[in-house]
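Trainee: Would you be able to build a 3D model of this:
(one chain, ligands or ions: 1)
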Amino acid sequence: MATSLAEVKAHAALPTVGQTLLLKNADLLVTMDKDRREIKKGCLFIKGNTIVAVGTENEVPQTADRVIDLKGHIVIPGLINTHHHMYQSLTRVIPDAQNGELFKWLTALYPIWEKLTPEMMKIATKTAMAELMLSGCTTSSDHQYVYPNGIKLDDSIEAAQEIGMRFHACRGSMSVGRKQGGLPPDSIVENENAILKDTQRVIEQFHDASRGAMIRIVVAPCSPFSVSEQLMRDSAKLARTYGVSLHTHLAENVSDIEYSQKTFNKTPAQYVEDLEWVGHDVWHAHCVKLDDYGIKLFARTGTGVAHCPCSNMRLGSGIAPIRQMLDAGMHVGLGVDGSASNDSADMIAEVRQALLLQRVGFGPEALTAREALEIATLGGAKNLNRDDIGSLAPDMMADIAVFNLNNIGLAGAQHDPLAALVFCNPGKVAYNIINGRIVVENGKVVTVDMPLVIEQHNRLAQQLVTGS
Ligand code: ZN
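Mentor: Residues are numbered from 1 along each chain as shown. Model prediction:
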């Protein structure tokens, strides 16, 4: 159980200390390094949790404690998911929430989420993380903003520690209920002082600022329509006192814009600028309706955006202007968003959707396969304000996804294996390595008993939704 930062760090390091691992002979090794090298017959040498050498057979040591021959495989940097609500795995395809836009969808789901328990939170987080890992994801954030019935952020951290995922745990919150003009029911909002106090507690208990950190805390009030301006300001102050990042939802759809104009008499971009919610330590989810002023502001200040194409399509929110954001020099990462609005936590599939949706909005040249993959790796690292993940190069953390190029979905697409990963359906990973530790091997999660987790998850989902 995660009770302190020291224990979290010790646990993360246990299986890998001093051990060496060689991945060799990969048909293609995609580095995302500064030269964007794509190496045929690529090799990668890892010591402990760190990459030591990347290159061809002649450039990389050829013996190690463990050697994996990856003929017929493609190796990429582990994908980085920068927006999720993992507890929502319990509330996929709820009939009343299948067809509404954001506010209607939320209103249908809040009364269910109110009944969540700590056990549900742990199992849902484990389930969501396993699904992500099988789709090539090695680092994920989780925006957890509902805390009924004794739930704590500690529950999510414990799950991440057990399954072995690199984790940015966002201490979300809602404080403005219906009585005060907000959207959520009054029964699930928290007191603002209590929010700030608990956020400070989890930062002090779990946040690891060091290179290679497995756990970081993020200060993350849910959205402008569910917290007060004061909480946004206090949150920014708290985050900057401790040097941790800030995250929230922003400019998601037209109702969100209307709320901002009506309540604050500002566009979302003006609102966050005024609150000092801009900078390298801030990333916002969605920004489907971010205007030209906002794009320039975010580019100038290094503020990031988590693009969530599936969720934006699912809720009919619109098409985020990713091409325009990239051209302006903005940081753009990718997120699957919560499993009640995706309803598939599949990172490599999300890369494909990002490519396709941008083309629907802005033409067939709007995004290339390589740009889409870059958003999901280097872009994600920038969102999370990290320089130790997102590429495969010496001194980077050993976070690696490996796909089998002989999977049915890639048949006939061998001429460009990288593009194949994005344009086609590559299926689940063959291997996933996080912090030097193999967490998926031969297509199976090896850190938890997966059939048991799924069984528990489905039982708890039924209990949550039907009360039986
Ligand atoms: Zn979200």
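
Trainee: When you work out contacts or count neighbours from here on, use the C-alpha atoms and nothing else.
Mentor: Fine.

Trainee: Identify the residues contacting stretch 364-377?
Mentor: 32, 77-81, 323, 332-334, 351-352, 354-355, 358-359, 389-391, 418-419, 422-423 (C-alpha atoms under 8 Å, 6 or more residues apart in numbering).

Trainee: buried ones in it?
Mentor: Of all the residues in stretch 364-377, those buried under the rule 16 or more other C-alpha atoms under 10 Å are A366, L367, T368, A369, E371, A372, L373, E374, I375, A376, T377.

Trainee: hang on, the first one is in a helix, isn't it?
Mentor: The one in question is A366. No - applying DSSP: H, G, I helix; E, B strand; the rest coil, one finds A366 to be coil, outside a helix.

Trainee: list the helices and strands the strand or helix carrying C310 packs on?
Mentor: C310 belongs to helix 309-314 when assigned by DSSP states H and E. If contacts are counted by 3 or more C-alpha pairs under 8 Å, 6 or more residues apart in numbering; DSSP states H and E, helix 309-314 sits against helix 347-362.

Trainee: Just after the helix it packs on, pick out the following helix or strand.
Mentor: The helix or strand immediately downstream of helix 347-362 is helix 369-374, counting by DSSP H and E.

Trainee: Let's see that next one as CSV, backbone CA atoms only.
Mentor: Provided in CSV are the C-alpha atoms of helix 369-374 (Å, rounded to 0.1, in the frame of the first residue of the first chain):
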residue,chain,number,x,y,z
ALA,A,369,1.3,9.8,-39.1
ARG,A,370,4.6,10.9,-37.7
GLU,A,371,3.1,14.2,-36.3
ALA,A,372,0.3,12.2,-34.7
LEU,A,373,2.7,9.8,-33.0
GLU,A,374,4.9,12.8,-31.9
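
Trainee: any idea how far it is from the chain center?
Mentor: Mean-position distance between helix 369-374 and its chain equals 17 Å (C-alpha atoms, centre = their mean, to the nearest Å).

Trainee: Mind checking which of the contacts of stretch 364-377 are in helices?
Mentor: Mapping these onto helices (DSSP state H) picks out R323, V351, R352, A354, L355, Q358, R359, L418, A419, V422, F423.

Trainee: how many neighbours does the first one have?
Mentor: Neighbour count of R323, defined by other C-alpha atoms under 10 Å: 19.

Trainee: Run through the residues that contact it.
Mentor: For R323, the contact set (C-alpha under 8 Å, 6+ apart) comprises Q358, F362, A366, L367.

Trainee: And it, how far from A411?
Mentor: Separation of R323 from A411 (C-alpha to C-alpha, to the nearest Å): 30 Å.

Trainee: Buried only: go through the ones in helices among the contacts of stretch 364-377 for me.
Mentor: R323, V351, R352, A354, L355, Q358, R359, L418, A419, V422, F423.

Trainee: What is the nearest of those residues to H280?
Mentor: H280 has its nearest neighbour among these in R323, at 20.0 Å by C-alpha to C-alpha.

Trainee: Next, find the distance separating that closest one from F423.
Mentor: Taken as C-alpha to C-alpha, the span from R323 to F423 is 18 Å.

Trainee: In CSV: the contacts of R323, plus distance to A108 and pLDDT.
Mentor: Putting these into CSV (distance: C-alpha to C-alpha, whole Å; pLDDT from 0 to 100) gives the following:
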residue, distance to A108, pLDDT
Q358, 29, 98
F362, 33, 98
A366, 35, 98
L367, 35, 98
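
Trainee: Which members of those residues are the farthest-apart pair?
Mentor: Greatest spacing in the contacts of R323, by C-alpha to C-alpha: F362 and L367 (8.9 Å).

Trainee: centroid residue for the protein?
Mentor: Centroid-nearest residue in the chain, with C-alpha atoms, centre = their mean: N81, separated by 2.3 Å.

Trainee: I figured D343 hits T91, correct?
Mentor: No - judged on C-alpha atoms under 8 Å, D343 makes no contact with T91 at a distance of 9.2 Å.

Trainee: More neighbours: which of those two?
Mentor: Neighbour totals were compared for D343 and T91, and T91 leads with 22 against 18 (other C-alpha under 10 Å).

Trainee: With adjacent residues omitted, what lies nearest to the more buried one?
Mentor: Spatially, and ignoring its direct neighbours in sequence, T91 is nearest to A340 (5.7 Å; C-alpha to C-alpha, 6 or more residues apart in numbering).

Trainee: Is that neighbour inside a helix or a strand, and which specific one?
Mentor: Using DSSP H and E, A340 falls within no helix or strand.

Trainee: before we move on, what about D142?
Mentor: Per DSSP H and E: D142 is located in strand 137-144.

Trainee: what's that strand in contact with?
Mentor: Outside strand 137-144, the residues within contact range by C-alpha under 8 Å, 6+ apart are 78-87, 129, 132, 153, 165-173, 220, 222, 347, 399-401, 432-434.

Trainee: likewise stretch 429-440?
Mentor: Applying C-alpha under 8 Å, 6+ apart, the contact partners of stretch 429-440 are 12-13, 15-16, 21, 46-50, 78, 133-138, 163-166, 212, 214, 397-404, 441-447.
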